[in-house]
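# next input, structure requested:
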Amino acid sequence: AAAGGHNVIMIGPPGSGKSSLAKAMAGILPPMSLEESVQTSKIYSVAGKGGRSGGLMRARPFRAPHYSASVAALLGGGSDNIMPGEISLAHNGVLFADELPEFNKATLELLRQPLEDRKITISRVNYTVEYPCSIMFVASMNPCPCGYYGDPTHHCVCTPGQRERYKNKISGPLLDRIDIQCEIFPVPFKD
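Below you'll find the predicted structure:
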């Protein structure tokens, strides 16, 4: 699937365009096939998020959960009626994690398996539900806690230890599932 391709993390200071680039991702992916449109529409229907027209979704989803989102909000859950979470709602589209190191570390680790398996399995005592999540995972982060390490126009106030701890919030196994890791530099307004 076009959306189930490469995962990307962009590292750069505030104002360098990371969020704008992420928001453009869903729009530059190829149009959804009929099968992708049906799959995605079914997930939105189950979640009670179907459009008023009742027709098929044509645009690839773009989901951007806040870093304070709970595990259930990301993966899905509920006690009686298990609903799809943000990862499944991004099926055939883009899941954007802005300020990746600000997410709870345990929550980030739970992303590893869905990114690899392209599905989420939620088990309860009496039944198990499986939701697809063939997504393009796009994340952004600052290079350090203050955001300005390596920025030619601002001075970084972080110590080397602070920068190292900040980078270590993202585990090696999660980074292994991110195919493209790129630095984004701000472009002066006049340019």
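
# centre of the chain to the helix or strand of the chain with the lowest mean pLDDT, how far?
Using mean pLDDT, DSSP states H and E, strand 76-77 stands out as the lowest-scoring helix or strand of the chain, at a mean of 86. Averaging C-alpha positions (Cα atoms, centre = their mean, to the nearest Å) puts strand 76-77 16 Å from its chain's average.

# which other helices and strands contact that strand?
strand 83-84, strand 119-123 (3 or more Cβ pairs under 8 Å, 6 or more residues apart in numbering; DSSP states H and E). Heads up, the C-betas are built off the backbone N, CA and C, glycines and all.

# try 6 Å
If contacts are counted by 3 or more Cβ pairs under 6 Å, 6 or more residues apart in numbering; DSSP states H and E, strand 76-77 sits against no helix or strand.

# ok, that strand: who's next to it in the sheet?
In the sheet, strand 76-77 lines up against strand 83-84 (antiparallel) (DSSP bridges).

# now do the closest residue to C158 other than its chain neighbours, the pLDDT please.
Excluding the flanking residues, the one nearest C158 by Cβ to Cβ, 6 or more residues apart in numbering is C144, at 4.4 Å. Per-residue confidence (pLDDT) for C144: 96.

# neighbours of C144, just the number please.
24 (other Cβ atoms under 10 Å).

# ok, the one 10 residues further on next?
Residues contacting H154 under the criterion other Cβ under 10 Å number 15.

# list the contacts of the nearest residue to it once chain neighbours are set aside.
In space, and not counting its chain neighbours, H154 is closest to Y148: 4.0 Å by Cβ to Cβ, 6+ apart. Each residue near Y148 by Cβ atoms under 6 Å, 6 or more residues apart in numbering is listed here: 13, 154, 156.

# and those residues, which is closest to L75?
Of all these, P13 has the smallest distance to L75: 31.0 Å, by Cβ to Cβ.

# contact partners for that closest one?
Going by Cβ under 6 Å, 6+ apart, the list of residues near P13 reads 147-148, 151.

# just the helices in this protein please.
18-28, 34-46, 71-75, 86-89, 105-117, 160-167, 172-176 (DSSP state H).
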